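Asks: Sequence below, structure please.
(one chain, ligands or ions: 1)
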Amino acid sequence: MAIDEREFFDERQETRKHTLNCPHCRQAAEYELMWLVRRKKRQLPSRADERDRAKFEKARSYMVRRDDLAGCKNVRCRKRFEITGLQSVVFLDEAANARPADVDDDNFGNR
Ligand SMILES: [Zn+2]
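Replies: Have a look, this model is predicted:
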């Protein structure tokens with residue numbers, strides 16, 4: 001049986017800082033956004049066949065944005081706005097300028 005593509009990656013939630021502009025008051029501020037990060041594993045499980053290996057070869061680490069909305073940090077605005085200036089899927093080799101903020105483990109949400 002072929003290996004599920006999920007097994008190509010180690011998956012975890014990470015918070016990253018981004019500068020966003022509120023479309024209502026146009027103020028820029030730094031926001032922490034949640035991403036689901038899938039990092040390519042170093043190795044496939046040993047039961048991988050040739051097709052799995054070919055797919056794995058092409059797979060790239062990437063992350064998916066979980067937050068679609070941000071609440072404006074300007075106290076005189078405070079409106080929620082849609083995050084439009086950021087891609088929702090980013091390959092990690094293209095994301096060198098998106099630095100991790102605090103890193104959450106798998107218990108995220110259970111605090
Ligand atoms: Zn605002």
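Asks: Looking at the residue sitting furthest away from the middle of the chain now. What's its pLDDT?
Replies: Relative to the mean C-alpha coordinate of the chain, counting by CA atoms, centre = their mean, the farthest residue is residue 76 (29.9 Å). Looking at residue 76, its pLDDT is 97.
Asks: Isn't it up against residue 27?
Replies: No. With contact defined as CB atoms under 8 Å, residue 76 does not count as touching residue 27 (9.1 Å). All C-beta atoms are positioned from the backbone trio N, CA, C, and that covers glycine.
Asks: related to what we said a few turns ago, next one: the residue farthest from the centre of the chain from residue 22, what distance?
Replies: 11 Å (CB to CB, to the nearest Å).
Asks: now do residue 45
Replies: Distance, residue 45 to residue 22, by CB to CB: 46 Å.
Asks: try residue 52
Replies: Distance from residue 52 to residue 22, counting by CB to CB: 46 Å.
Asks: Is there a neighbour count for the residue lying closest to residue 61 once chain neighbours are set aside? I'd like the number.
Replies: Nearest residue to residue 61, sequence neighbours excluded (CB to CB, 6 or more residues apart in numbering): residue 92, at 4.0 Å. By other CB atoms under 10 Å, the residues close to residue 92 number 15.
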